[in-house]
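Novice: Fold the stuff below for me.
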Amino acid sequence: MRELREDDQPHGQEGRGAGHRGVDHRQHAVGVGAQELRVAHLDRMLKHLYVEVDATDAQKQQLGPIVKAAARDLLPMRDRMRDARLQAVALLSQPSIDRAAIEALRANQLQLAEQASKRFTQALADVADVLTPEQRKQLTERMSRWRGHRG
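Specialist: Residues are numbered from 1 along each chain as shown. As a prediction, this is how the structure comes out:
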């Protein structure tokens, strides 16, 4: 399973509304808020997962809540990580460097990364519990191909 992203944004485009290949998908969603876009993106992701593993209706009923709960927990962490990057830039842009503030930010980011890693791993294990061994094999083979495209 690939990393969850709010609008499937390329690296460096977070918060700018740029979707796949720099296209701003929000411009087509007049009156639709960010939360609705996240839900729609997650639903598309789930449909792809269902097709990839040929999920049964019973599995779909289990997988949807697992993935959506993980996204609900992980997206705020993603936002906090983005905010911390902005805070780091602000700290490093000051006339004098506050080493204590930089260290506190670093420690906080490590703690947040640990929380996100635990939650993501929990979701992966929960998804794996729902899938058959053959479906897990299909999914891991697919993940290996994705990794080849991402470096």
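Novice: Tell me the buried residues in the helix or strand hosting E114?
Specialist: Per DSSP states H and E, E114 falls inside helix 99-130. For helix 99-130, burial by neighbour count (16 or more other C-beta atoms under 10 Å) applies to 105, 109, 116, 120, 123, 126-127, 130. Yep, even glycine has a C-beta here, placed from its N, CA and C like the rest.
Novice: Out of those, which is nearest to M81?
Specialist: Q109 (6.9 Å; C-beta to C-beta).
Novice: Please state the offset of the helix holding E114 from the chain centre?
Specialist: 12 Å (C-alpha atoms, centre = their mean, to the nearest Å).
Novice: buried sites along whichever helix or strand comes after that helix?
Specialist: The helix or strand immediately downstream of helix 99-130 is helix 133-150, counting by DSSP H and E. For helix 133-150, the neighbour count (16+ other C-beta under 10 Å) marks 135, 139, 142 as buried.
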